[in-house]
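> Give me the fold of what follows.
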Amino acid sequence: MASAIDQHPLLTGLAKGLSPTGVGSGRVLVGVSGGPDSVALLRGLLVVAERQPLELFVAHFDHGWRPESRDDARWVEDLCCRWSVPCFTGEARRGGEGAIAAESEEAARNSRYAFLRETAQSVEAKFIAVAHTADDQAETVLHHIVRGTGLAGLAGMPRRRRLEDGIELVRPLLDVPRDVVHDYLQHIGQDFRRDATNDDRSRTRSRLRHDLLPLLRSEFNPQVDSALLRLAAQAAEAREAIEGWARQALDEALLDRSEHVCRLRQPLLAALPRQVQREARRLLWREQNWPRQQMGQHESARQTDLIAAERPPFTLPGNITATRRGELIVLTRA
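The predicted model follows:
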């Protein structure tokens, strides 16, 4: 007979969240910061591993932003030792006299995920599991809305994403609220580390969590979190449909390509809705490994105009020249 804790909402939510990710057996690398969400994910996966042939590994990345961050790393190592899970730790580059090199939140995220990918490759893990919750998803969608976003931003974080090296990044707690995480840890008597930077109002995410979302709940809509999650789910469905259409359209329009040159059939592109055109370009840029960070609405509009009518050649970010030659669109990277 299953115990009451076996039926805890976190475990049922984790099982439901794992189902569409493809995680059922094999090696899984779990990103564990020491905070409540990642610790609950690890403890929940340990329960799953009792019933399914999962082999768990843990990766902890120390950004070095706080004096106690090395204590966090040792705490995670001790937790993994207690549960006989291999643990790998990494840290951000340090400048002179042991100071952490300054990095933005985006750079820190990139460093962390690079470490996770490298560690997953070293242990031959097919999946990397991270502990984003339903609250994180709602905050992410709101953050994107506030700073301006398109359909991709409204979709929030995907439950499953294939990385460049074929490893799958999965978020099995994406439907589990943060209060369920804390309740589960309390039920099993599991402690965790507290990160004071989560309360730092100088960070946009902290202000969204502690100021804007509570204001929206109290003054506008008590169910605003659910509304944001519904919006994300609907946007993700729409984006998936558009991406499938764009994938087929790109395959048909692409005449030939090399590392630095792509030639596409202009009439086939011109027949597509603008949103599908934009998605086809995004897929092409990703497959060519061309830089996308500086590609904004202005650059996208210029390419759409070039497809619609003859225009002089122009240069896009990454030193890529877009040229119209009759019924050909030619993209050349110098």
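
> Quick one: list the elements packing against the helix or strand hosting residue 136.
Using DSSP states H and E, the element containing residue 136 is helix 134-147. Where contact means 3 or more C-beta pairs under 8 Å, 6 or more residues apart in numbering; DSSP states H and E, helix 134-147 is packed against helix 151-154, helix 178-188, helix 204-207, helix 213-219, helix 224-253. For every residue, glycine as well, the C-beta is placed using N, CA and C.

> for the longest one, which positions count as buried?
With burial defined by 16 or more other C-beta atoms under 10 Å, the residues of helix 224-253 counted as buried are 224-225, 228-229, 231-232, 235-236, 239, 242-243, 245-246, 249-250, 253.

> If you compare the directions of that helix and helix 134-147, what angle comes out?
70 degrees (axes from the mean of the first three to the mean of the last three C-alpha atoms, to 10 degrees).

> And the helices and strands packed on helix 134-147: which comes nearest residue 90?
helix 204-207 (22.4 Å; C-beta to C-beta).

> Buried residues in that closest one, which are they?
Within helix 204-207, the residues scored as buried using 16+ other C-beta under 10 Å are residue 205.

> do stretch 140-154 as well
Buried residues in stretch 140-154, counted by 16+ other C-beta under 10 Å: 140-144, 152-154.

> do stretch 44-62 as well
Neighbour counts over stretch 44-62 (16+ other C-beta under 10 Å) mark 44-45, 47-48, 54, 56-62 as buried.

> Contacts only, for residue 253.
264-265, 268-269, 280 (C-beta atoms under 8 Å, 6 or more residues apart in numbering).

> picking up where we left off before, can I get the helix holding residue 136 in PDB, CA atoms only?
Output of helix 134-147 as PDB, limited to C-alpha atoms (Å, rounded to 0.1, in the frame of the first residue of the first chain):
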ATOM      1  CA  ALA A 134       4.800  27.000 -12.000                       C
ATOM      2  CA  ASP A 135       5.700  30.200 -10.100                       C
ATOM      3  CA  ASP A 136       8.900  30.600 -12.100                       C
ATOM      4  CA  GLN A 137       6.900  30.200 -15.300                       C
ATOM      5  CA  ALA A 138       4.400  32.900 -14.300                       C
ATOM      6  CA  GLU A 139       7.200  35.300 -13.400                       C
ATOM      7  CA  THR A 140       9.000  34.600 -16.600                       C
ATOM      8  CA  VAL A 141       6.000  35.300 -18.800                       C
ATOM      9  CA  LEU A 142       5.200  38.500 -16.800                       C
ATOM     10  CA  HIS A 143       8.900  39.500 -17.200                       C
ATOM     11  CA  HIS A 144       8.700  39.100 -20.900                       C
ATOM     12  CA  ILE A 145       5.500  41.100 -21.100                       C
ATOM     13  CA  VAL A 146       6.900  44.000 -19.100                       C
ATOM     14  CA  ARG A 147      10.000  44.300 -21.200                       C
END
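
> what does it rub up against?
Counting by C-beta under 8 Å, 6+ apart, 37, 132, 153-154, 156-157, 173-178, 204-205, 208-209, 212-213, 224-225, 228-229, 231-232 sit against helix 134-147.

> Could you do stretch 229-244 as well?
Applying C-beta under 8 Å, 6+ apart, the set of residues contacting stretch 229-244 from outside is 134, 137-138, 141, 151-152, 154-156, 158, 275-276, 279, 283.

> Mind giving me the ChimeraX command for buried ones among these?
Of these, the buried ones can be selected in ChimeraX as follows, counting by 16+ other C-beta under 10 Å:
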select :134,137,138,141,152,154,155,156,158,276,279,283
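
> Farthest-apart pair in the contacts of stretch 229-244, please.
For the contacts of stretch 229-244, the farthest-apart pair by C-beta to C-beta is 134 and 276; their separation is 30.4 Å.

> can you pull the contacts of the residue nearest the centre of the chain?
For the chain, the residue nearest the mean C-alpha position is residue 157 (5.2 Å; C-alpha atoms, centre = their mean). Contact analysis of residue 157 by C-beta under 8 Å, 6+ apart lists 132, 136-137, 140, 171, 174.

> a markdown table for those, including distance to residue 220 and pLDDT?
Formatted as a markdown table, those follow (distance: C-beta to C-beta, whole Å; pLDDT from 0 to 100):
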| residue | distance to residue 220 | pLDDT |
| --- | --- | --- |
| 132 | 25 | 97 |
| 136 | 21 | 96 |
| 137 | 19 | 97 |
| 140 | 19 | 96 |
| 171 | 27 | 97 |
| 174 | 24 | 96 |
